[in-house]
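Novice: Predicted model and sequence below, questions to follow.
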Amino acid sequence: MTLYAFYFLSFLAVMGALMVVFSRNPVTSVIFLVMTFFTIACHYMLLNAQFLAAVHVIVYAGAIMVLFLYVIMLLNLNEAVEKQKTLLLKVAAIVTGGLFMIVLSAALRTAETSYIDTSVVGSARNLGKVLLNEYLLPFEAVSLLLLAAMTGAIMLARSRKRIKPAPNVVGMTHEREQTKTVVHEQ
Amino acid sequence: MIPIENYLVLSATLFSIGLMIVVIKRNAIAVLLGLELMLNAANINLVAFNLAHPERLDGQMFAVFVIIVAACEAAVGLAIILQAYRVFHTAVPDSISTLKES
Amino acid sequence: MSRADIIFLLPHLMLTLGAVLVMMAIAVRRNHFAVYVLTCLTLIVALYFLPKTASLPHNVGVLFVVDGLGVFNTMIIMLAALAVALMSYAYFDTREERTGEYYMLFILATFGACIMVISGHFVSFFLGLEILSVSLYGMIAYLRKRERSDEAGIKYLILAAFSSAFLLFGMALIYAATGDMTFEGLSGYFSAFDELPILVMTGVGLVVVGAGFKLSVVPFHMWTPDVYEGAPAPVAAFISTISKGATMVLLVRFFLAIDGFRFPVVLTIFTVISIASMVVGNILALRQQNVKRILAYSSIAHFGYLLVAFIAADELGVEAVNFYLVAYFATMLGAFGVVTVLSHPERDAELLDDYRGLLWSRPALATVFVVTLLSLAGIPLTAGFVAKFYLLASGISTNQWLLVILLVVNSIVGLFYYIRIVAVMFDSAEEREARPAGYVGNFATLLILVVLLVWFGVSPQGLIDVIRNLVGVG
């Protein structure tokens, strides 16, 4: 029974991921990725990692993907503006295919076929105990990572008040930079 | 019961697809999407193989940290893309070329 | 967490305290000088609290190993950070930029690097690396007035995130096969094999790809010249020294733990990377007209050289890596220091033409630059020469003849482009506008760096003894 659930979820996850590749509209890509992430959360449930499944849905579907959608709409990128690179596509296909084959063969060569042991339960209680004992220091270090990310994001995204000439994207030289009038913020 | 190799294959597939997105897509936001997928593929491995090595909860713990890291990278990444968009009016890194070989 | 653990982590705690204090200082009042002094004080206090040698090594939980290698490299990272901080003040003071956040990100990035060099576990490895990278994203794209800074930021972002994904997947595969994440536990697992299972092999390969991006060795070097060119000069100095050095130390720790060079595949991979980095780095540098790009390619080549000692992986090899890192840090900081001093508020001094006739217009600065370039080229009486000699010794003692010969040949090729910069400085001076006034901190840093370069070049024994005492403990 769980095996069928596994195959069904895996199928959905891979299909969702493939649709991200092939859809040309960024918004659709994001929606399909959300679908993939939901199925991954279901996989976590199958693996008895309830806490992780909950965190995954909250953080990914709830926060990160909404942020992506927000930025895409802010930049008004919802039209399919991009052309796909055909030569690179082939190279990419070879690279990814090769990598996939290596790992796949590795998987098949693993001598004993072991089955997952569902006695481990990743409940919030069990994880919390580990987190606040041996992983206490990384837990603290993560706060600094968040601080760095927060500072960086706020600093970068804060609008710069500047008056600039019409942009000329390709071949901008530094002489042009000097001609810009910049109104300083502080 | 699910053989553990299945998870290896699933995560390898998702990782490869993520890699494909990063290489094929030209839009920086789509590239970030691919990166998120790659991190998640690794996470599946970590969680699944935690059950094969059930003495400690290392794998699941690492997965929690990876989710935090992914969130941080997405936040800063989108901020940089936003800033670059304001300057260059494009989110396609290939069409920005102020840096070049001299 | 015992009391002893806290004492051993005091330098790191001081850095975090510094970051928070800087944040509060910015909140109260934006004063560039105050924030800068606070940053320097933080680093000095952190250096003061470095654990004493006698008590090493000490394990903090399973995650951190405070041993001689870690403490020595924490020290040189903090000293390098101090040098970069001193340069940054002058650089950002002449520009109309927001100033506070830079120092905060700067301290956090240093903290990430310091975490990396003492980590003995995948989780601390990954977190340290990410704290370093996420802070660097902000620092690279810092300048508001330069588009190139944004472009460098976006490039670094994509490639750094890409490399972390590879690294993480590699770690996950190793965990899948072994069920262990500590370097200590992995060492027990690896010693049971004469040939690696392919799953583990793939994992190690992916970790090497991920770390290779950070070290910017060929073929993972594409981002380096662009990012060095676009990033503010002090940030480029930070990436080329602290970020790369910390990754290198971590690789040394990891591969010593698993004794990775017993396996022919690993040996072959690193030999190829080393050769490719030396050759490609030097050849691409020959054609450059941009000093920052030349330094970028030069750093690629230097990590190719460094891998020779890394592959040796014996006691002499580890000593050589550490000595080389010290010499390389001092040299690169000196070179980027000169670029920083000469930089205009509008743009960095990066074209070769900016250096034309420098010897006549600013002799002291030109002398500093000449010394650092000679050290990069590995001319006798500079630290670069002794360091390269050390590499050769460790290469010869492990019979890496191909690598040793290529190292010598490439050093000669390297001479050309370093000498070219020197030649440009000898050219007749042309009229140029007055440079912005100098800053005491900048010149003091450059002076100290030059003195160090010559001192380690003339009598390296003192430094060698320190390294041997700390790192040789094993």
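Specialist: That came through, no problem. Residues are numbered from 1 along each chain as shown, chains lettered A, B, ... in the order given.
Novice: Tell me how many other residues crowd C:M201.
Specialist: Using other Cβ atoms under 10 Å in any protein chain shown, C:M201 is surrounded by 20 other residues. No exception for glycine: its C-beta is placed from N, CA and C like everyone else's.
Novice: what's the answer for the one 5 residues further on, then?
Specialist: For C:L206, the neighbour count with other Cβ under 10 Å is 25.
Novice: so who does it touch?
Specialist: C:F166, C:L167, C:F169, C:G170, C:L173 (Cβ atoms under 8 Å, 6 or more residues apart in numbering or on different chains).
Novice: Pretty sure the second one sits against C:V204.
Specialist: Read it as C:L167. No - in terms of Cβ atoms under 8 Å, C:L167 does not count as a neighbour of C:V204; the distance is 11.2 Å.
Novice: what stretches of the chain score poorly on pLDDT?
Specialist: The chain I'm using is chain A. A:77-90, A:101, A:104-120, A:159-186 (pLDDT under 70).
Novice: actually it's chain C I care about, not the one you picked
Specialist: In chain C, residues with pLDDT under 70: C:1, C:54, C:96-97, C:429-438, C:472-474.
Novice: And the residue of it closest to chain B?
Specialist: For chain C, the residue closest to chain B is C:G179, as judged by Cβ to the nearest Cβ, at 3.0 Å.
Novice: ok, C:L333 - contacts?
Specialist: Contact partners of C:L333, counting by Cβ under 8 Å, 6+ apart, are C:A80, C:A83, C:V84, C:M87, C:A237, C:T241, C:T445, C:L449.
Novice: name the element the first one belongs to?
Specialist: Secondary-structure element containing C:A80, defined by DSSP states H and E: helix C:68-93.
Novice: which residue ranges form the strands in the chain?
Specialist: Because you didn't say which chain, this covers chain A. Assigned by DSSP state E, the strands in chain A fall at A:162-163, A:181-182.
Novice: hmm, I had chain C in mind actually
Specialist: Ranges of strands within chain C are C:58-60, C:64-66, based on DSSP E.
Novice: what's the last one packed up against?
Specialist: Strand C:64-66 makes packing contacts with strand C:58-60 when contacts are defined by 3 or more Cβ pairs under 8 Å, 6 or more residues apart in numbering or on different chains; DSSP states H and E.
Novice: now do the first one
Specialist: For strand C:58-60, the contact count by 3+ Cβ pairs under 8 Å, 6+ apart identifies helix C:3-8, strand C:64-66 as packing neighbours.
Novice: now do 6 Å
Specialist: If you count contacts as 3 or more Cβ pairs under 6 Å, 6 or more residues apart in numbering or on different chains; DSSP states H and E, strand C:58-60 packs onto helix C:3-8.
Novice: Just the residues contacting the helix it packs on, thanks.
Specialist: Here helix C:3-8 makes contact (Cβ atoms under 6 Å, 6 or more residues apart in numbering or on different chains) with C:P51, C:H58, C:V60, C:V66.
Novice: Those: which two are farthest apart?
Specialist: Within these, C:P51 and C:V60 form the most distant pair, 10.7 Å apart (Cβ to Cβ).
Novice: what comes up buried for stretch C:406-420?
Specialist: C:L406, C:L407, C:N410, C:S411, C:V413, C:G414, C:L415, C:Y417, C:Y418, C:R420 (16 or more other Cβ atoms under 10 Å in any protein chain shown).
Novice: residue contacts, residue 75?
Specialist: Looking at chain A here, since you left the chain open. B:Y85.
Novice: Correction: the question concerned chain B.
Specialist: Contacts of B:A75 by Cβ under 6 Å, 6+ apart are A:A149, A:A153.
Novice: average pLDDT across the helix or strand hosting it?
Specialist: B:A75 belongs to helix B:58-88 when elements are defined using DSSP H and E. The average pLDDT within helix B:58-88 is 90.
Novice: how far does it sit from the chain's center?
Specialist: Mean-position distance between helix B:58-88 and its chain equals 9 Å (Cα atoms, centre = their mean, to the nearest Å).
Novice: how far away is the residue nearest to C:F310 when sequence neighbours are not counted from chain A?
Specialist: Using Cβ to Cβ, 6 or more residues apart in numbering or on different chains and skipping residues adjacent in sequence, the residue nearest C:F310 is C:V321, 5.8 Å away. Separation of C:V321 from chain A (Cβ to the nearest Cβ, to the nearest Å) stands at 26 Å.
Novice: Please give me every residue in contact with C:V321.
Specialist: Taking Cβ under 6 Å, 6+ apart, we find C:V321 in contact with C:V252, C:A309, C:F310.
Novice: Most neighbours among those residues, which one is it?
Specialist: Counting neighbours by other Cβ under 10 Å, C:A309 comes out on top of these with 30 neighbours.
Novice: For the residue of chain B found nearest chain C, give its distance to C:S187.
Specialist: Closest to chain C within chain B is B:H53: 3.0 Å, counting by Cβ to the nearest Cβ. B:H53 sits 17 Å away from C:S187, going by Cβ to Cβ, to the nearest Å.
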